[in-house]
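Trainee: sequence first, then the predicted structure:
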Amino acid sequence: MAIILKNIRKVYKNIVAVDGISLNIEEGTVFGLLGPNGAGKTTLVKILTTITTPTSGEAYIHGYDIKKDSIKIRRIIGVVPQENNLDRYLTARENLTLHAKMQGMPRSEYNERVDYLLNMMGLFHRRNDFPDKFSGGMQRRLVIARALIHSPTVLFLDEPTTGLDPQSRRAVWEYIQSLKEKTTIFLTTHYMEEADQLCDRIVILDHGKALIDGTSASIKETLKGSDLYEVEFEPDFKPDPSQREFLYFISDNPYEENGSIRINLKDKKYLKPLIERIETKYIRGIRRLEPTLEDVFIHLTGRSIRD
Amino acid sequence: MRGIFPICERDFIVSWRNISSDLLPTIVSPLTFFLAFGFGLQGYLSDIEGVPYTMFVVPGLVSMTAVTSAFDHGAWSLWFHRIVQKTINEYRVNPISVYEIVIGKILSGFLLGAIKGIVVAIILLFLINFQTSTGAESALGLLMDYSLVFSHLLFYLLFVFLGSMIFSCVGTMCGTVMDRPEDLNKIQGVVITPLVFLAGLFFPLSSFPSEVLPLIKLLPTTAIFEGARQALLQGRVESQYILELFVYAAVSFILAVIIFQKYIEE
């Protein structure tokens, strides 16, 4: 196993950030931890990357204990933190060589590797520039390159695409996918699409607890028997998802998206009385939907991941 | 100990790159004091303890530059790495211990402080040379008059190095625990400045009332400034001062490491 967690718990004063998480992650897996801000994702990454110690529980990275073998673990992991913590007074290349030196790599080894990674990330022509001059996407790519210098066997990516434009996001996804074969990837995100696209296995985390664990398909399968509909309204009608008319017939809180409301009916038989109740003249169309990870999240937590 | 060298090297690369903007404020402050007090008041002051006033203040000004630079580097560099760049967390995901990080930071702070002190020393000696050359007396000749020999210089540098070490540790502690830049400024105004001015930098310690003098002698800055001055000008190393400095250096180093480890892991 690449990563093992046994009942990991982290309490900050009175706040339970991680509440008894247990997991086994196989080598070569792209594992996604999905959850809203404050769910405990970053805390869990900090515990596994040995930056923070857990209040209780055990965790192992390739058999190394996170409490006793932190130095050994740091030799085999790469970390892409949530923020681009680059040194703005060092050039792009110097940022990478500093990391290589702290990893104890000899100059003959790291010089080649640094240039290779700068090339791979499309940053070689900017190697002597300072990160301040880079766009958000370029900075992110540099942080990923830095995490890969010492060829880690486990790569932790904490919200790797937050704040990036769609084009940069796609580019980062491609890099992550290209690493799949050689590296176990532990990724946190609050983007459903990202988890859906990249991850072999997903755990949805909320309030420090794991709510569900499985592949994207198996997680969506939990809502397979449900009746998910998208109700599209006339432009001049402003739907109020909290109205009683909605709540009586549906099992999860509905959420609004571009003038439409996604609802999960308690039963198929409620569709007709619901439409009658909210007056058909305001309804432009109704579509049956395949469940998404967001629907599962709403089903499990009673709220949208963006709340 | 593999982490210490890259961290020090990084600080030296950055300092070298910013040398022109860094060195100017470092030089201006002691130079202003030297011109205002050394040149300005010299005509009104007789020799102090047999030494012309300009020569009396120079060793202290050099030490002051070294210790304040070491404090500034320790405090602001760590604060910047921790709060602004968050690069401390990048250091911490590498196979190096927190001890290596803090020792690397303390070392670079103390070395950079000492180097800045030496630069200021060269400039001030040049000015003394300029001042005295009209009287057909060179700086070297003047210094030789005060029995400046190589051993004096070594002892003097020992005081400067120990002082820089202590203040680099104190700066590291402040940069570790303080989140707001205003608080770092307050430490400079409320702690460092009084420590500098009460330590007999511009006047002899004999000016203090005898009841206060033992307390003043306990200040680390007194041990640094007065000890350094005695070492340079008289070739005398007062054991109380050197002992004090070793104790302060050891205690501040241990405290800096413990505090850094505690706060960073939280």
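Mentor: Yes, it's here. Residues are numbered from 1 along each chain as shown, chains lettered A, B, ... in the order given.

Trainee: checking residue B:210 next. Helix, strand or coil?
Mentor: Following DSSP: H, G, I helix; E, B strand; the rest coil, residue B:210 is assigned to coil.

Trainee: for the chain, which segments count as helices?
Mentor: Chain wasn't specified; assuming chain A. Using DSSP state H, the helices assigned to chain A run over residues A:41-48, A:70-76, A:92-102, A:107-120, A:136-148, A:166-179, A:192-198, A:216-221, A:244-249, A:271-277, A:293-301.

Trainee: wrong one, I was asking about chain B
Mentor: B:4-17, B:19-33, B:40-42, B:53-79, B:87-92, B:98-133, B:139-145, B:150-177, B:181-187, B:193-197, B:213-218, B:220-229, B:239-265.

Trainee: tell me which strands and helices the longest one is in contact with?
Mentor: The reference is to helix B:98-133. helix B:4-17, helix B:19-33, helix B:53-79, helix B:87-92, helix B:139-145, helix B:150-177, helix B:239-265 (3 or more CB pairs under 8 Å, 6 or more residues apart in numbering or on different chains; DSSP states H and E). Just so you know, the C-beta spots here come from the backbone N, C-alpha and C atoms, and that holds for glycine as well.

Trainee: show me the contacts for residue B:88.
Mentor: Residue B:88 makes contacts with B:78, B:81, B:82, B:101, B:264, as judged by CB atoms under 8 Å, 6 or more residues apart in numbering or on different chains.

Trainee: where does pLDDT dip in the stretch 151-300 of chain A?
Mentor: A:224-226, A:237-259, A:266, A:278-281 (pLDDT under 70).

Trainee: closest residue of it to chain B?
Mentor: residue A:156 (8.5 Å; CB to the nearest CB).

Trainee: that residue touches residue A:77, doesn't it?
Mentor: Yes. If you go by CB atoms under 8 Å, residue A:156 and residue A:77 touch, sitting 6.3 Å apart.

Trainee: can you work out which residues contact both of these two?
Mentor: A:48, A:49.

Trainee: centre of the chain to stretch A:86-93, how far?
Mentor: Remark: stretch A:86-93 is offset 27 Å from the chain centroid, using CA atoms, centre = their mean, to the nearest Å.

Trainee: quote the end-to-end distance of it.
Mentor: 11 Å (CA to CA, to the nearest Å).

Trainee: which residues touch it?
Mentor: A:94-95, A:98, A:114, A:118, A:123, A:126-132, A:134, A:139, A:142-143, A:146, B:10, B:13-14, B:17-18, B:85, B:87, B:90.

Trainee: before we move on, what about stretch A:122-129?
Mentor: A:91, A:92, A:93, A:115, A:118, A:133, A:134, A:138, A:141, A:142, A:145.

Trainee: circling back to that earlier point, so which of the helices of chain B gets nearest residue A:181?
Mentor: helix B:87-92 (26.3 Å; CB to CB).

Trainee: give me the buried positions along stretch A:164-176.
Mentor: Residues A:164, A:168, A:169, A:171, A:172, A:173, A:175, A:176 are the ones in stretch A:164-176 that count as buried (16 or more other CB atoms under 10 Å in any protein chain shown).

Trainee: contacts made by it with the rest, please.
Mentor: Taking CB under 8 Å, 6+ apart as the rule, stretch A:164-176 contacts A:30, A:120-121, A:135-137, A:140-141, A:144, A:157, A:160-161, A:185, A:187, A:194, A:197-198.

Trainee: show the buried residues in those.
Mentor: A:30, A:121, A:137, A:140-141, A:144, A:157, A:160-161, A:185, A:187, A:194, A:197-198.

Trainee: how about the residues you listed, which pair is most distant?
Mentor: Among these, A:30 and A:137 lie farthest apart (CB to CB), at 20.8 Å.

Trainee: near chain A, which residues of the stretch 101-250 of chain B?
Mentor: Residues of the stretch 101-250 of chain B lying close to chain A (CB under 8 Å from any CB of the partner chain): none.

Trainee: for chain A, what's its nearest residue on the stretch 101-250 of chain B.
Mentor: residue B:101 (9.4 Å).

Trainee: could you dump the helices and strands packed on helix B:98-133 to TSV with mean pLDDT?
Mentor: Putting the helices and strands packed on helix B:98-133 into TSV (pLDDT from 0 to 100) gives the following:
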stretch	mean pLDDT
helix B:4-17	92
helix B:19-33	83
helix B:53-79	86
helix B:87-92	91
helix B:139-145	53
helix B:150-177	87
helix B:239-265	90
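
Trainee: okay, those helices, which one's buried deepest?
Mentor: helix B:53-79 (a mean of 26; mean count of other CB atoms under 10 Å in any protein chain shown).

Trainee: angle of it against helix B:4-17?
Mentor: For helix B:53-79 against helix B:4-17, the angle by axes from the mean of the first three to the mean of the last three CA atoms, to 10 degrees is 120 degrees.

Trainee: quick one: helix B:53-79 to helix B:98-133, angle?
Mentor: Using the same axes, to 10 degrees, helix B:53-79 lies at 160 degrees relative to helix B:98-133.

Trainee: quick one: is helix B:53-79 near chain A?
Mentor: No. Using CB under 8 Å from any CB, we find that helix B:53-79 stays clear of chain A, coming within 10.1 Å at best.

Trainee: measure residue B:223 to residue A:200 for me?
Mentor: 64 Å (CB to CB, to the nearest Å).

Trainee: so between the two, which is more surrounded?
Mentor: residue B:223 (26 against 15; other CB atoms under 10 Å in any protein chain shown).

Trainee: neighbours of the residue of the stretch 101-250 of chain B closest to chain A, how many?
Mentor: 24.

Trainee: that one touches residue B:92, doesn't it?
Mentor: Yes. The pair residue B:101 and residue B:92 passes the contact test of CB under 8 Å, sitting 7.3 Å apart.
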